[in-house]
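Novice: Need coordinates for the following:
(one chain, ligands or ions: 1)
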Amino acid sequence: MKKTVFFLFLNFAFALLAFTQDDQPTDYLSPAFHAGRREALRKLMPANAVMAVFAYPVRTFSNDVDYTYHPNPDLYYFTGYKEPHALLLIFKEPQHYKDGSAYNELFFVQKRDPEREQWTGRRLGADGVKKELGIKMVFDGAEYSDFSIDFSSFSKIIFDALPGAGIGENTAGDLAQLTAIFRRQINLPAGFDEATTDDLLFVNKRLNATNAPRIFSYLSKNLVNGKYKDSSLVKSYIAAKDSVERKTIIAGLENMKWNNGLYSSFTNQLRGIKTPEELALLRKAVEISSIGHAEVMKAIRPDMSEREIEGIHDYVQKKYGAEHWGYPPIVGAGNNGCVLHYEENNKMSIGQKTLLMDVGGEYHGYSADVTRTVPVNGKFTPEQKIIYNIVYDAQEAAFKLCKEGSSFEEIETTARSIVAKGLIKIGLIKTEADSRIYYPHGCSHHIGLDVHDKGSYEKLKKDMVITIEPGIYIPEGSACDKKWWGIAVRIEDDLLIKEKDYEILSAAAPRKAEDVEKMVAEKSGFDDIKLPALKSSEKKKAF
Ligand SMILES: [Mn+2]
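Specialist: Numbers count the residues shown, from 1 in each chain. The predicted structure is shown next:
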């Protein structure tokens with residue numbers, strides 16, 4: 001008894017010390033939004049189904065320091081909870097508690113721990129989640145095992161690839177335990193590989209005559225020496241002699257009780273169409289990032305480093321309240337721009353060539369994805385401009401398709417065909433089929449809580465938000481005239497799809513070649529920032 005009183009006192013003391021926090025943003029997604037999303041999910045679920053959504057694991061940065069935690073976007077979408085070590089269970093039909101009361105969702109979260117919280121930050125705890133996020137049936141993670149849910153009575157158990165090994169200390173209620181108990185409770189057959197199942201269902205949905213060779217070569221490569229090593233499932237899929245046989249394999253997976261296909265399908269359907277609350281946040285994330293691009297254009301000078309440019313983007317985004325980047329920033333001068341996911345950003349001076357910047361911030365979970373290519377000295381060379389305008393024209397042509405009813409496929413082929421024709425015209429390739437040499441990636445994807453967001457990749461619908469991002473990359477050493485070497489151009493904008501047309505959300509960043517040149521010539525507030533020289537790098541000492 002004494003002990004309890006002591007702990008109560010401790011709780012109280014810590015609560016006073018650590019939990020007063022004011023002057024925070026007020027435009028977070030509302031509890032009503034999250035409740036609405038859970039209800040919409042329930043509508044999609046088949047009869048007698050349960051769906052589980054796990055938190056993402058915490059990851060080590062170094063020794064006892066973790067990476068800044070990023071929540072699983074699905075869990076955040078359905079609950080607003082941003083902490084690790086959590087499990088959400090959503091039931092299609094009401095379930096009954098021991099005392100007879102009904103519930104149709106259960107949420108297990110991190111328990112409050114004032115001592116830990118002083119070190120690792122505030123936790124909502126079950127009571128906080130009830131109060132702040134408006135969810136009723138919330139418990140400490142450690143209580144999950146007591147619930148002994150009888151999963152054998154459900155006809156579909158829906159979940160994403162389960163969190164893997166090394167995901168926690170295996171203490172009461174942490175992610176490792178939640179996952180282990182769930183695995184045991186659902187009686188997952190030994191050898192059932194839900195990650196491969198999920199991948200195969202994903203790949204199968206996209207398989208068509210054009211991409212079949214690429215998809216099969218990807219699967220085969222990974223079967224030999226990759227993530228599908230020794231997978232009998234992938235083996236049989238590749239070995240299938242025709243589409244009928246493949247359909248049988250896929251139907252077999254879809255009919256299973258442990259169904260990953262439904263998890264992707266439901267989250268894609270829901271998250272692909274943005275609600276007004278989401279659009280307000282996404283609009284803000286994109287505007288912030290686009291202003292960042294415009295400000296960098298003004299500030300840019302040949303003696304700046306790639307890192308410094310990255311820093312200006314970061315400063316502007318954070319000035320407007322973005323919490324984080326939406327993906328590691330890509331700032332590539334000249335030839336570095338040819339590396340599609342260039343993240344080193346360590347060139348000391350960007351020099352006189354073009355600078356490709358693919359940089360977008362995250363605001364309350366929603367990520368922008370904006371790319372601009374800028375002539376560092378303020379004027380595109382004739383060769384740079386030719387390439388720039390081919391990409392620009394491809395983008396313009398793709399824009400025209402941005403309305404309800406168009407397909408992602410049409411967008412891809414239209415943009416690719418403009419790029420291909422342009423490259424043929426200037427003699428870089430001979431046939432349209434060769435366009436992949438200089439334009440190796442896709443043109444469009446959803447953005448949202450993931451920068452490559454969930455959503456349907458068939459027809460465009462109102463309130464989708466997608467990127468249009470053609471590009472041309474001519475690395476040094478390419479099989480063409482040297483004058484083209486080192487030119488890398490991508491222009492990427494974020495578009496809200498409307499019924500009959502679209503809105504460019506990233507319009508604050510100029511995209512027409514002449515407008516970009518004009519912006520580079522403008523004066524910048526950053527011009528006047530003077531910092532002291534570093535004493536530590538004055539002289540290279542001989543050690
Ligand atoms: Mn993108």
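
Novice: Could you use CA atoms for every contact and neighbour count after this?
Specialist: OK.

Novice: Tell me how many other residues crowd Ser290.
Specialist: Using other CA atoms under 10 Å, Ser290 has 31 neighbouring residues.

Novice: meant to ask about Lys379, not that
Specialist: The number of residues packed near Lys379 is 20, by other CA under 10 Å.

Novice: before we move on, what SS does it have?
Specialist: Three-state assignment for Lys379 (DSSP: H, G, I helix; E, B strand; the rest coil): coil.

Novice: Pull the contacting residues for it.
Specialist: Glu517 (CA atoms under 8 Å, 6 or more residues apart in numbering).

Novice: Could you name the helices and strands sitting against the one helix or strand Ala251 maps to?
Specialist: Per DSSP states H and E, Ala251 falls inside helix 243-254. With contacts taken as 3 or more CA pairs under 8 Å, 6 or more residues apart in numbering; DSSP states H and E, helix 243-254 sits against helix 194-206, helix 260-271.

Novice: closest one to Met464 among these?
Specialist: Set against Met464 and scored by CA to CA, the helices and strands packed on helix 243-254 come closest in helix 260-271, at 9.0 Å.

Novice: Just the CA atoms of that closest one, as PDB, please.
Specialist: C-alpha atoms of helix 260-271 as PDB (Å, rounded to 0.1, in the frame of the first residue of the first chain):
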ATOM      1  CA  ASN A 260      -2.600  -9.400 -46.700                       C
ATOM      2  CA  GLY A 261      -4.200  -8.500 -50.000                       C
ATOM      3  CA  LEU A 262      -7.100  -6.900 -48.100                       C
ATOM      4  CA  TYR A 263      -4.900  -4.800 -45.900                       C
ATOM      5  CA  SER A 264      -3.300  -3.100 -48.900                       C
ATOM      6  CA  SER A 265      -6.500  -2.900 -50.800                       C
ATOM      7  CA  PHE A 266      -8.400  -1.200 -48.000                       C
ATOM      8  CA  THR A 267      -5.600   1.300 -47.000                       C
ATOM      9  CA  ASN A 268      -5.100   2.100 -50.700                       C
ATOM     10  CA  GLN A 269      -8.800   2.800 -51.300                       C
ATOM     11  CA  LEU A 270      -9.100   5.000 -48.200                       C
ATOM     12  CA  ARG A 271      -5.800   6.800 -48.300                       C
END
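
Novice: what comes up buried for that helix?
Specialist: Buried positions in helix 260-271, judged by neighbour count with 16 or more other CA atoms under 10 Å: Asn260, Gly261, Leu262, Tyr263, Ser264, Ser265, Phe266, Thr267, Asn268, Leu270, Arg271.

Novice: check contacts around the fourth one.
Specialist: Going back to what we said before, that points to Tyr263. Met51, Ile158, Phe159, Asp160.

Novice: switch the cut-off to 7 Å
Specialist: Ile158, Phe159, Asp160 (CA atoms under 7 Å, 6 or more residues apart in numbering).

Novice: Could you do the last one as well?
Specialist: Contact criterion CA under 7 Å, 6+ apart gives Lys454, Gly455 as the residues in contact with Arg271.

Novice: What confidence value was assigned to it?
Specialist: pLDDT, Arg271: 98.

Novice: The second one too?
Specialist: At Gly261, the pLDDT value in this model is 87.

Novice: Do I have it right that it meets Glu254?
Specialist: Yes - Gly261 lies in contact with Glu254 (CA atoms under 7 Å); the separation is 6.4 Å.

Novice: how about the strands of the stretch 51-200 of the chain, start to end?
Specialist: In the stretch 51-200 of the chain, the strands defined using DSSP state E, counting those that start in this stretch lie at 60-62, 65-66, 87-96, 102-109, 138-140, 156-159.

Novice: Now for Gly191, how many residues are close by?
Specialist: Other residues lying near Gly191 total 7 when counted by other CA under 10 Å.

Novice: and the residue nearest the centre of the chain, what does it touch?
Specialist: The centre of the chain sits closest to Asp450, judged by CA atoms, centre = their mean, with a distance of 2.4 Å. In this structure, Asp450 makes contact with Pro73, Ser367, judged by CA under 7 Å, 6+ apart.

Novice: Next, the contact list for Glu492, please.
Specialist: Contacts of Glu492 (CA under 7 Å, 6+ apart): Val370, Thr371, Arg372, Thr467, Ile468, Glu469.

Novice: among the contacts of Tyr263, which ones are buried?
Specialist: Ile158, Phe159, Asp160.

Novice: With adjacent residues omitted, what lies nearest to the first one?
Specialist: Think Ile158. Spatial nearest neighbour of Ile158, chain neighbours left out: Met51 (4.5 Å); criterion: CA to CA, 6 or more residues apart in numbering.

Novice: hang on, the one you found packs against Ile157?
Specialist: Yes - contact status for Met51 versus Ile157: in contact at 6.0 Å, counting by CA under 7 Å.

Novice: Now the helix or strand encompassing Leu279: buried residues?
Specialist: Leu279 is located in helix 276-299, with elements delineated by DSSP H and E. Buried positions in helix 276-299, judged by neighbour count with 16+ other CA under 10 Å: 278-279, 281-299.

Novice: give me the element the residue lying closest to Ile429 once chain neighbours are set aside is part of.
Specialist: Excluding the flanking residues, the one nearest Ile429 by CA to CA, 6+ apart is Leu423, at 5.8 Å. Leu423 is part of helix 408-425, with elements assigned from DSSP H and E.

Novice: Quick one: residues contacting Asn104.
Specialist: Counted by CA under 7 Å, 6+ apart, Asn104 has contacts Ile90, Phe91, Lys92, Glu93, Pro94, Gln95.

Novice: Redo those residues as JSON lines? Include distance to Ala394 and pLDDT.
Specialist: Below are the contacts of Asn104 laid out as JSON lines (distance: CA to CA, whole Å; pLDDT from 0 to 100):
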{"residue": "Ile90", "distance to Ala394": "44", "pLDDT": "98"}
{"residue": "Phe91", "distance to Ala394": "46", "pLDDT": "98"}
{"residue": "Lys92", "distance to Ala394": "45", "pLDDT": "97"}
{"residue": "Glu93", "distance to Ala394": "49", "pLDDT": "97"}
{"residue": "Pro94", "distance to Ala394": "51", "pLDDT": "95"}
{"residue": "Gln95", "distance to Ala394": "53", "pLDDT": "93"}
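
Novice: which one of the residues you listed sits closest to Val316?
Specialist: Ile90 (39.6 Å).

Novice: for the residue lying closest to the closest one once chain neighbours are set aside, what are its contacts?
Specialist: Nearest residue to Ile90 in three dimensions, chain neighbours excluded: Glu105, at 4.5 Å (CA to CA, 6+ apart). Residues near Glu105 by CA under 7 Å, 6+ apart: Leu89, Ile90, Phe91, Met137.
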